[in-house]
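> Predicted coordinates and the sequence they were generated for:
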Number of protein chains: 2
Amino acid sequence: MTDRNGRAGPGADTPRPTRSRPARAVDTAAPEQAAAERRPRKLRAMTSRHGSRPTMNDVAAAAGVGLKTVSRVVNGESGVSPAMAARVNAAIAELGFRRNDSARLLRTGRTASIALLLEDIADPFSSALSRAVEDVAAAEGCLLFTGSSGEHPPRERELALAFCARRVDGLVVVPAGDDHSYLLPETASGTPVVFVDRPATGIAADAILSDNAGGAREGVSHLIRHGHRRIGFIGDLPQIHTSAERLRGYREAMAAAGLPVDERWIACGTTDRARVAEAVTRLVGGPEPVTALFTANNRITVAALHRLPRTGGRPALLGFDDLELADLLTPALTVVAQDPAALGTAAASTLFERLAGDRTPPRRIVIPTRLIARGSAESPPPAVR
Amino acid sequence: MTDRNGRAGPGADTPRPTRSRPARAVDTAAPEQAAAERRPRKLRAMTSRHGSRPTMNDVAAAAGVGLKTVSRVVNGESGVSPAMAARVNAAIAELGFRRNDSARLLRTGRTASIALLLEDIADPFSSALSRAVEDVAAAEGCLLFTGSSGEHPPRERELALAFCARRVDGLVVVPAGDDHSYLLPETASGTPVVFVDRPATGIAADAILSDNAGGAREGVSHLIRHGHRRIGFIGDLPQIHTSAERLRGYREAMAAAGLPVDERWIACGTTDRARVAEAVTRLVGGPEPVTALFTANNRITVAALHRLPRTGGRPALLGFDDLELADLLTPALTVVAQDPAALGTAAASTLFERLAGDRTPPRRIVIPTRLIARGSAESPPPAVR
DNA sequence: CTGAAAGCGCTTACAG
DNA sequence: CTGAAAGCGCTTACAG
């Protein structure tokens, strides 16, 4: 996955900005500008220069018309005489006026923006999902805020509440924490929240999920079909919903085939390379090695791929989540692929349906996964070979 | 790269939302709510229920204090008697009040948000850059809008102007178009814009760039050092700044080594697989094949990697941009890596310096690239072998 | 310590 | 066809 440290690289040479909080409101005002602030409105319109922004009032004054007439012209409303419109447009052009949408939206009640809260936008899964959400939002005329929680619950909460404080029209959340009751006041007062990838806890809300158990079941069954009986499972932390579901799929596939599961074959924990490497070595290099490995997410698969060459064995390998270049590895990597774009599309679509007035009970939409056989999981175990 | 089509996958099953534009403002108001809107303020505070949002006025009325006192308590200002504060806090808790930051920011003048305009957030380069920008913004207390232009100039312009209309405090742009003079009024009225990855045209602005020419020069020199004389260059469209710079680096390295360049070795064009495949086949499979290939960006490298096994030759390969799993290919892929996170950090830092009042002339910051030798570019050409 | 008034830049509802 | 008034939910500047 993307390196999340290493950001202190060349860019760190750039001096950090001074942290004067109300930066622009204070510092950018040139002396003349500050003076202009104190002048009456009409004078100020004439003095418009660097740093200022003409308002509808300025345009009205310059054109010698009423504020409402400017509003009509700007918004293309009918019922303005050509002469008036021409004068207003001339003033608009001269002053370089552009409507302040933030002000407009304050009055209107909506903000025409939604927010997407992810684990890490730099992760391929998140970024693919993000693009899909953005596309739906764009079709609805909404702009998109994005924020990364870093899988850190307090940060998720902080960001979510900051978005709500801006009064975004709605929220799409890939939950990091395990208690989302803090969002109850927000949803109660009309801000819809849709959860993706994992369900929320402590709040009844829409959830768009991958078929984690089904996908894992299909993957493990695939290994079994190719003759494997001793199959290792390397997963994420067991308290993570997706992780638990995939383990469930593994167990179900084994049970369905009437195969016993040795609990030592199951290694759940963090996704850091060292932890996964240790698990791989133990499962593959021990005295009673497994003949196949199911790695339950992209980071674990990558870590396992790096470790495997240094273990004695060469087990079949099947990963959850597709990887770029997976087809160019030797052997090419067989995966159970999620569809992050479909998750994002479904989540954003659901959100806009809620915004359009849908009051039906919370839904749970499950997006299917897809087994892509490429070679790494199709070789039989040594004994059968 | 991430599949940008295929979004019609399983998610497409989800019914599309109806496109009623002013959705929430109209539809979500329950009948009681609509009635509440018509009631005088104080009554409304008492009637607060689903869909409404209590305001400071509501809190003031409920607590029986002045509006300003509520403001003081909400913002933690000093000079409020404990008794008053207690009454206000009780009202806040009872009504579930949360300050509307959009309203606050309208009065304040800033929006505490910046926007990032990318080619495609789903691309690993963009998403790594995005995360870095987000981190800097977060440290400055700013939220981040993101938008994808899809390398489509009109869309870039539309998005950029939409962000400016929201009065974002500043803009970070990966330019898609070749004329950014449309941003002149925005920068003139005080919205700073920083360009990343490519410089802007038609406007004097900060630009944060990779050392494209230097990186290409280093990569091609590396190939030359390993005995290659006939080196092919497969690049992006020549009008793209990064593409032209990398080609320049290629030519400079060849010239520095006193090597002639056959113009037929240079294949610039789109990054789609078919076009790259054709170029690879022609360069490698022809009668006078090159012995090494320099692929000038990540998409081209991936396309070439897919094609190469199906050509007769097995040239040395060196790509611009690193790829996940590059080290697990056979042979492992040698690359000139960019540092998208450093680009993002430098861009965002520069933006906040501008916001803090920096009025120095536009800068150009160049982020170094890094050659990572892994094997694919270190084998000598057949003749020397 | 407290709060009424004016204003941020727009739109809504209403009167000419 | 045109515009003055009131208001969106806050903060600023000012008076008690």
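Cool, the structure landed. Numbers count the residues shown, from 1 in each chain, chains lettered A, B, ... in the order given.

> Quick check: beta-bridge partners of the residue nearest to the spatial centre of chain A?
Among the residues of chain A, the one closest to the centroid is A:Leu118, at 3.7 Å (CA atoms, centre = their mean). Taking DSSP bridges as the rule, A:Leu118 bridges to A:Ser148.

> That one contacts A:Gly150, doesn't it?
No - using CB atoms under 8 Å, A:Leu118 makes no contact with A:Gly150, being 9.4 Å away. For every residue, glycine as well, the C-beta is placed using N, CA and C.

> how about the residues of chain A near DNA strand C?
Contacts of chain A with DNA strand C, taken as CB under 7 Å from any atom of the strand, map to A:41, A:53, A:55-57, A:67-68, A:71, A:74-75, A:97-100, A:103-104, A:106-108.

> Could you report the distance from the residue nearest to the centre of chain A to A:Pro199?
When CB to CB, to the nearest Å is the yardstick, A:Leu118 and A:Pro199 sit 16 Å from each other.

> Same check on A:Thr111?
With CB to CB as the criterion, A:Thr111 and A:Pro199 are 27 Å apart.

> the more surrounded of those two?
Using other CB atoms under 10 Å in any protein chain shown, the more surrounded residue of A:Thr111 and A:Pro199 is A:Thr111, with 23 against 17.

> Tell me how many other residues crowd the residue nearest to A:Asp197 when sequence neighbours are not counted.
Across the structure, with CB to CB, 6 or more residues apart in numbering or on different chains as the measure, the residue nearest A:Asp197 apart from its sequence neighbours is A:Val174 (4.7 Å). The tally of other residues near A:Val174 (other CB under 10 Å) stands at 26.

> residues in contact with the residue in chain A that DNA strand D sits nearest to?
Residue nearest to DNA strand D within chain A: A:Gly66 (2.6 Å; CB to the nearest atom of the strand). By CB atoms under 8 Å, 6 or more residues apart in numbering or on different chains, the contact set of A:Gly66 is A:Ala60.

> what's the pLDDT at it?
Note on A:Gly66: pLDDT of 90.

> how much space is there between the residue sitting furthest away from the middle of chain A and DNA strand C?
Checked against the mean C-alpha position of chain A, the extreme residue using CA atoms, centre = their mean is A:Ala83, at a distance of 49.7 Å. Here the criterion is CB to the nearest atom of the strand, to the nearest Å. By it, A:Ala83 lies 15 Å from DNA strand C.

> Give me the phi and psi for that residue.
Recorded main-chain torsions at A:Ala83 are phi -60, psi -50, according to degrees, to the nearest 10.

> Give me the distance between it and B:Ile365.
A:Ala83 is 51 Å from B:Ile365, where distance means CB to CB.

> got it, and A:Pro380?
Distance, A:Pro380 to B:Ile365, by CB to CB: 56 Å.

> ok so, going back, tell me the confidence at the residue farthest from the centre of chain A?
The predicted local distance difference test score for A:Ala83 is 88.

> for A:Ala34, same thing?
Here the pLDDT value assigned to A:Ala34 is 34.

> can you count the residues close to A:Gly258?
Using other CB under 10 Å, the number of residues around A:Gly258 comes to 7.

> what about it, which SS state?
coil (DSSP: H, G, I helix; E, B strand; the rest coil).

> So for A:Arg251, what's the nearest residue that isn't a sequence neighbour?
For A:Arg251, the nearest residue in space outside its immediate sequence neighbours is A:Val261; the separation is 6.3 Å by CB to CB, 6+ apart.

> Angles on the backbone of that neighbour, please.
phi -120, psi 120.

> repeat for the one 5 residues further on
In this entry, A:Ile266 is assigned phi and psi values of phi -100, psi 120 (degrees, to the nearest 10).

> That one against A:Ile231, yeah?
No - applying CB under 8 Å, one finds A:Ile266 not in contact with A:Ile231, separated by 9.9 Å.

> Give me the common contacts of these two.
Shared between the contact lists of A:Ile266 and A:Ile231 (criterion: CB under 8 Å, 6+ apart) are residues A:Tyr250.

> more neighbours, these two?
More crowded of A:Ile266 and A:Ile231, by other CB under 10 Å: A:Ile231, with 28 against 19.

> so where do the strands sit in the stretch 251-385 of chain A?
Counting by DSSP state E, counting those that start in this stretch, residue ranges of the strands within the stretch 251-385 of chain A are A:266-268, A:292-295, A:316-320, A:334-337, A:364-367, A:370-372.

> just these: most buried one?
Stretch with highest mean neighbour count among those: strand A:292-295 (a mean of 30; mean count of other CB atoms under 10 Å in any protein chain shown).

> what's the neighbour count on A:Asn89?
Other residues near A:Asn89 come to 16 when the count uses other CB under 10 Å.

> give me every residue that touches it.
With contact set as CB under 8 Å, 6+ apart, A:Asn89 has these partners: A:Val73.
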